[in-house]
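Participant: next one to model:
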Amino acid sequence: MYIYKKDDTVLEPYREGVEFNDYDLAQEVANHLIDLYVKGKVVNRCRHFEVCRVCDQQGPCFYIDSDGNQVRLTSCEIQIPKFDGQGNIFVNSSIIHYVLFHNYKPEDELIDALLNSS
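Facilitator: Now for the predicted structure:
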């Protein structure tokens, strides 16, 4: 189990009523999250699957990564380096489902970190 450090932030994968107004930005955020997952930037893998709070979907989810490969998403926390370089942001992998299927807009801190990472 990963032990969080002082400058780390743990975010909820979903907050009700917060939506993207920009479809392209939502896709870009989801693609960055999938790519981090594929690259193994994950901690605290779980043996269960999350149940969606909106549509009750459960079980493994499948997505397409930036190389066109099918990715089987399991439950874990995705690790994203903070934009300022001070610590990491951690969010449950179910956020990918919320962004892609429910137009969920994560916190600006997470979006900034994803869009300004390489």
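Participant: what's the burial count for G68?
Facilitator: Number of residues near G68 (other C-beta atoms under 10 Å) recorded here: 6. C-beta here means a position set from N, CA and C on the backbone, and glycine is covered the same way.
Participant: any idea how far it lies from L115?
Facilitator: From G68 over to L115 the distance is 22 Å, taken as C-beta to C-beta, to the nearest Å.
Participant: can you show me the helices along the protein?
Facilitator: Per DSSP state H, the chain carries helices over the ranges 23-38, 95-102, 108-115.
Participant: my guess is N44 meets C76, correct?
Facilitator: Yes. Because the distance of 5.9 Å satisfies C-beta atoms under 8 Å, N44 is recorded as touching C76.
Participant: out of these two, which sits in the busier spot?
Facilitator: Counted by other C-beta under 10 Å, N44 and C76 do not tie: C76 has more neighbours, with 18 against 14.
Participant: tell me the pLDDT at that one?
Facilitator: The model reports C76 with a pLDDT of 89.
Participant: next one: P60
Facilitator: Looking at P60, its pLDDT stands at 63.
Participant: and for F49?
Facilitator: Value for F49, per-residue pLDDT: 69.
Participant: where does the chain have low pLDDT?
Facilitator: Residues of the chain that meet the criterion pLDDT under 70 lie in 48-49, 58-60, 118.
Participant: ok, now with 50
Facilitator: The chain contains no residues with pLDDT under 50.
Participant: quick check: neighbours shared by N44 and C76?
Facilitator: Overlap between the neighbourhoods of N44 and C76 is empty, taking contacts as C-beta atoms under 8 Å, 6 or more residues apart in numbering.
Participant: if we can go back for a sec, do you know which of the helices of the chain lies nearest P81?
Facilitator: In terms of C-beta to C-beta, the element of those nearest to P81 is helix 108-115, at 6.5 Å.
Participant: roughly how far out does that closest one sit from the chain middle?
Facilitator: In this view, helix 108-115 has its centroid 11 Å away from the chain centroid, taken as C-alpha atoms, centre = their mean, to the nearest Å.
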